[in-house]
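1. Just need the structure, nothing else, for what follows:
(one chain, ligands or ions: 1)
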Amino acid sequence: MEEIESYEFTWVGKKAAAAEAFMPVTKTLRPCPEESVDWDNTQNLYIEGDNLDALKLLQEEYLNKVKMIYIDPPYNTGNDFVYRDDFRMTKEEWNEKTGAKSEKRKRLSRNSFDYGRFHSAWCSMIYPRLLLARELLTDDGAIFISIDDNELDNLKKICNEVFGESNFVCNFIWNTKKAAQGMATANMVVANHEYVLVYAKEISNFRFNGVERDENNGFSNPDNDPRGLWKRQYLQRLGQGLPVRTITDPATGNTFSFETPYTQEKLERWIEEGRIIFPADPSKYPARKEFLSEYAHKQQLVTSLGLFATKATTEKLYALFDGEKIFNNPKPDTLIKFLVDQGTAAGDVVLDFFSGSATTAHAVMQLNAEDNGNRRFIMVQLDEQCDPNSKAFKAGYTTISEIGKERIRRAGAMIKQSLAPNASPLDVGFQVYKIGDNG
Ligand SMILES: C[S@@+](CC[C@H](N)C(=O)[O-])C[C@H]1O[C@@H](n2cnc3c(N)ncnc32)[C@H](O)[C@@H]1O
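-> Numbers count the residues shown, from 1 in each chain. Below you'll find the predicted structure:
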């Protein structure tokens, strides 16, 4: 029988990975007040364990309740940092799983066969987690995923399947450094950017908050208008088949005719209010004064976010830990704060289920301190052992979750200290739960 082809992204192990998402969880959350901060009053959570279990355990209480998910999964670079970042199968594992496909097929496809070994396990890791994560998002929520070129194309295809291609919002690019550093690469190019892929649960319900306009951006007050800073906006829109209106300068009696979307009534009202600037030359066009005070619209974002230097970020984190080099390449807290600011409002829940050194918790607390918000965070982190040769291990941190919890304690205390005496109370506490076996 002829095989029916379909448009689908697949890899070795996909079916089993999907099944993992739907397997019932046999684990439970054990409260750990002794490692928590302000247990009785805090709304923030820190969950220690595998995020696949955590995402299942969160379904009951947080179904449709999370406004923003930010994750920074391992990028599958093949390097191991403090945590595992190599999802390659060995040749033996690969041959066993694929039944070592024919030599002919190998020869015909230059890439996909052997490369499958590098990418399949990563795809199988992220896929069930995204399936579960989607369920937690509010109807106007979105997921933000940090990634680099190693898995961007696979991640995008998986997200298209899980969230729907129509729910793709954008792919932000940000720069990790200004210039090439260190030894030259073989082909004389070095990547200095990463991505943040954004998908909405439902595109028509999601929008970013937008950025404040730069007050001086084109606004001035050359005529000392008591209404304050203003800028010139043209009234005419030529060549679009719009109606032609005629207005008269009350001072000179000159008339001006032009195609415009504005009604005659509106133009007359603007003249009465002294908002129209008439040129002395009747062959030119009048313009409208737009006042900054009435300029309510925020500016749209652009997808190129600029520089968030990772080196400076790492140094800031070391300083928080009294100079101990406990975690290399955390995400810039300023970048995450920007994203949280764009994706949430006061009271929203922010989830990070690959939380590492807990940059997201730090960013949420900092943003709340700055805008009097009361966003809540949920961090999930595997109790992954730190490499015994790592600086973190030598400084006394045996697991990454220990680093994460200590970061929140230290960052919370620091942020609280910087608050004005009359500032509203800030939740820098968190309840720790550990995922354990039932019973
Ligand atoms: C790239 S790091 C995140 C770094 C983080 N954004 C920061 O700024 O510190 C990925 C983290 O995910 C954790 N991780 C990997 N697999 C996990 C799993 N199955 N469950 C929970 N955490 C996991 C790793 O231990 C690592 O700390």
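
2. so where's this protein shaky on pLDDT?
-> Within the chain, the ranges that satisfy pLDDT under 70 run 1-2, 79-83, 94, 98-115, 215-216, 296, 439.

3. For it, what lies in contact range of the ligand?
-> Listed as neighbours of the ligand in the chain under the rule Cβ under 6 Å from any ligand atom: 50-51, 72, 74, 83, 327, 330-331, 354, 356-357, 359, 380-382, 384, 400. C-beta here means a position set from N, CA and C on the backbone, and glycine is covered the same way.

4. Show me the strands in the stretch 101-250 of the chain, by range?
-> For the stretch 101-250 of the chain, applying DSSP state E, counting those that start in this stretch gives strands covering 137-147, 168-175, 193-200, 230-234, 244-248.

5. tell me the angle the third one makes with strand 137-147.
-> Read that as strand 193-200. On the basis of axes from the mean of the first three to the mean of the last three Cα atoms, to 10 degrees, strand 193-200 is oriented at 170 degrees to strand 137-147.

6. partner strands of strand 193-200, parallel or antiparallel?
-> Note on strand 193-200: by DSSP bridges, its sheet partners are strand 137-147 (antiparallel), strand 168-175 (antiparallel).

7. Of those, flag the one that's most buried.
-> strand 137-147 (a mean of 22; mean count of other Cβ atoms under 10 Å).

8. In PDB, could you pull the C-alpha coordinates for it?
-> Extracted in PDB, the C-alpha atoms of strand 137-147 (Å, rounded to 0.1, in the frame of the first residue of the first chain):
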ATOM      1  CA  LEU A 137      -1.100  29.500  30.200                       C
ATOM      2  CA  THR A 138      -4.000  31.900  30.600                       C
ATOM      3  CA  ASP A 139      -6.000  32.600  27.400                       C
ATOM      4  CA  ASP A 140      -4.100  35.900  27.000                       C
ATOM      5  CA  GLY A 141      -0.800  34.400  28.100                       C
ATOM      6  CA  ALA A 142       2.400  33.600  26.200                       C
ATOM      7  CA  ILE A 143       5.500  31.500  26.400                       C
ATOM      8  CA  PHE A 144       9.000  33.100  25.900                       C
ATOM      9  CA  ILE A 145      11.800  30.600  25.100                       C
ATOM     10  CA  SER A 146      15.500  31.400  25.000                       C
ATOM     11  CA  ILE A 147      17.500  29.500  22.400                       C
END
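
9. what number of residues lie near whatever residue of the chain ends up closest to the ligand?
-> Of all residues in the chain, the one sitting closest to the ligand is Gly356 (2.6 Å; Cβ to the nearest ligand atom). Close neighbours of Gly356, defined as other Cβ atoms under 10 Å, add up to 26.

10. what kind of secondary structure is it in?
-> coil (DSSP: H, G, I helix; E, B strand; the rest coil).

11. about what we covered before: dump the strands paired with strand 193-200 to a markdown table, plus distance to Ala369.
-> Formatted as a markdown table, the strands paired with strand 193-200 follow (distance: least, Cβ to Cβ, whole Å):
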| stretch | distance to Ala369 |
| --- | --- |
| strand 137-147 | 21 |
| strand 168-175 | 23 |
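
12. domains of this structure?
-> With domains defined by automatic domain parsing, the chain comprises 25-182+190-209+303-437, 230-294.

13. which of those domains is buried the deepest?
-> Neighbour counts (mean count of other Cβ under 10 Å) averaged over each of these peak at domain 25-182+190-209+303-437, with a mean of 18.

14. Give me the contact list for stretch 273-281.
-> With Cβ atoms under 8 Å, 6 or more residues apart in numbering as the test, stretch 273-281 has contacts from 232, 235, 247, 249, 251-252, 254, 256, 267, 270, 285-289.

15. Leu63 versus Val25, what's the distance?
-> Distance of Val25 to Leu63, computed by Cβ to Cβ, to the nearest Å: 14 Å.

16. right, I mislabeled it, should have said Leu52
-> Note on Leu52: its distance to Leu63, by Cβ to Cβ, is 17 Å.

17. and if you look at Glu294?
-> Using Cβ to Cβ, Glu294 is found at 42 Å from Leu63.

18. Over to Ser424?
-> Separation of Ser424 from Leu63 (Cβ to Cβ): 30 Å.

19. Any chance of a markdown table for the strands of the stretch 101-250 of the chain, columns distance to Phe118?
-> Shown next, in a markdown table, are these (distance: least, Cβ to Cβ, whole Å):
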| stretch | distance to Phe118 |
| --- | --- |
| strand 137-147 | 15 |
| strand 168-175 | 22 |
| strand 193-200 | 19 |
| strand 230-234 | 54 |
| strand 244-248 | 64 |
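
20. helices or strands up against the helix or strand hosting Ala363?
-> Per DSSP states H and E: Ala363 is located in helix 359-371. For helix 359-371, the elements it packs on are helix 333-343, strand 349-352, strand 376-381, helix 400-417, judged by 3 or more Cβ pairs under 8 Å, 6 or more residues apart in numbering; DSSP states H and E.

21. Throw the ones you listed into CSV and include distance to Ala16, thanks.
-> Below are the helices and strands packed on helix 359-371 laid out as CSV (distance: least, Cβ to Cβ, whole Å):
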stretch, distance to Ala16
helix 333-343, 32
strand 349-352, 25
strand 376-381, 22
helix 400-417, 27
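
22. ok, Ala142 - contacts?
-> Ala142 touches Met68, Ile69, Val169, Val198, Tyr199, Ala200, Lys201, Phe206, Gly343, counting by Cβ under 8 Å, 6+ apart.

23. Bridged to it, which residues?
-> Judged by DSSP bridges, the bridge partners of Ala142 are Met68, Ala200.

24. ok, the residue lying closest to Tyr318 once chain neighbours are set aside - contacts?
-> Nearest non-adjacent residue to Tyr318, counting by Cβ to Cβ, 6 or more residues apart in numbering: Lys325, 5.6 Å away. When contacts are counted by Cβ under 8 Å, 6+ apart, Lys325 touches Tyr318, Lys391, Ala392, Ala395.
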